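S.K.: task: produce atomic coordinates for the following.
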Amino acid sequence: MYKNSKLYPDQDAELSTVQEAAAVYNSPFDRIRISRKGLSPVFVQDLMQSYRLNKQEVARLADVSAKTLERHFDSGRPFQGLQSDRLLELADLYLEGLGIFGSQDKFLTWLETPTIALGHVAPKDWLDTHEGIVMISDEIKRIQHGIFA
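M.R.: From the prediction side, this is the model:
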């Protein structure tokens, strides 16, 4: 079993928030399986609510058009491939931030606030790339250990 287990929704699970994700992955193999199986539109809508994002913002972060996002929501078709990978990264980051900041409001306020460590840019502005998410995660870890830039 891997040290840092993550919570992810199983396609068949009924979810109300990202924090209540129903399936746990204990290895990279499980994460790959979940990503390949796809993420339900319900999970993506919960992620939207957790981050307080609108459809255009989620479409940009998942690298799909707003129209494609809407089609997934309307049809119930799961998000797969690179979109599911990015959405899983965002879910990881949300849970990590929630754990460190202690509340959704504090974490989301931090995401909106420009920080020196991220080039005087709000962390939220880096969410659209893998490397940006990694930078934000690294900064959250520094905060956890009391290292402020």
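
S.K.: how much space between Pro114 and His145?
M.R.: Remark: distance between Pro114 and His145 (C-beta to C-beta, to the nearest Å) = 22 Å. Yep, even glycine has a C-beta here, placed from its N, CA and C like the rest.

S.K.: which one's more surrounded, the two?
M.R.: A side-by-side neighbour count of Pro114 and His145, using other C-beta atoms under 10 Å, places Pro114 first with 12 against 8.

S.K.: give me every residue that touches the residue nearest the centre of the chain.
M.R.: Centroid-nearest residue in the chain, with C-alpha atoms, centre = their mean: Leu90, separated by 1.5 Å. Residues near Leu90 by C-beta atoms under 8 Å, 6 or more residues apart in numbering: 47, 51, 61, 127, 133.

S.K.: now do 10 Å
M.R.: By C-beta atoms under 10 Å, 6 or more residues apart in numbering, Leu90 lies in contact with 18, 44, 47-48, 50-51, 53, 58, 61-62, 127-128, 133.

S.K.: need the max-distance pair from those residues.
M.R.: Largest separation among those by C-beta to C-beta: Val18 and Asp128, giving 18.3 Å.

S.K.: quick one: which of the two has more around it?
M.R.: Val18 (24 against 15).

S.K.: between the contacts of Leu90, which is nearest Phe29?
M.R.: Ile133 (21.1 Å).

S.K.: now for the closest residue to that closest one other than its chain neighbours, how many residues are close by?
M.R.: Closest residue to Ile133 apart from its sequence neighbours, by C-beta to C-beta, 6 or more residues apart in numbering: Glu89 at 4.9 Å. Look at Glu89: counted by other C-beta under 10 Å, it has 19 neighbours.

S.K.: and Glu89, what does it touch?
M.R.: Residues in contact with Glu89 (C-beta under 10 Å, 6+ apart) are 61, 127, 129-130, 132-134, 136-137.

S.K.: whichever of the residues you listed end up buried, select them in ChimeraX.
M.R.: Here is the ChimeraX command that picks out the buried ones among these, judged by 16 or more other C-beta atoms under 10 Å:
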select :61,127,132,133,136,137
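
S.K.: what is the nearest of the contacts of Glu89 to Arg36?
M.R.: For these, the residue nearest Arg36 by C-beta to C-beta is His130; the value is 17.6 Å.

S.K.: shouldn't Asp128 be in contact with Arg60?
M.R.: Yes: between Asp128 and Arg60 there is a contact at 5.9 Å, judged by C-beta atoms under 10 Å.
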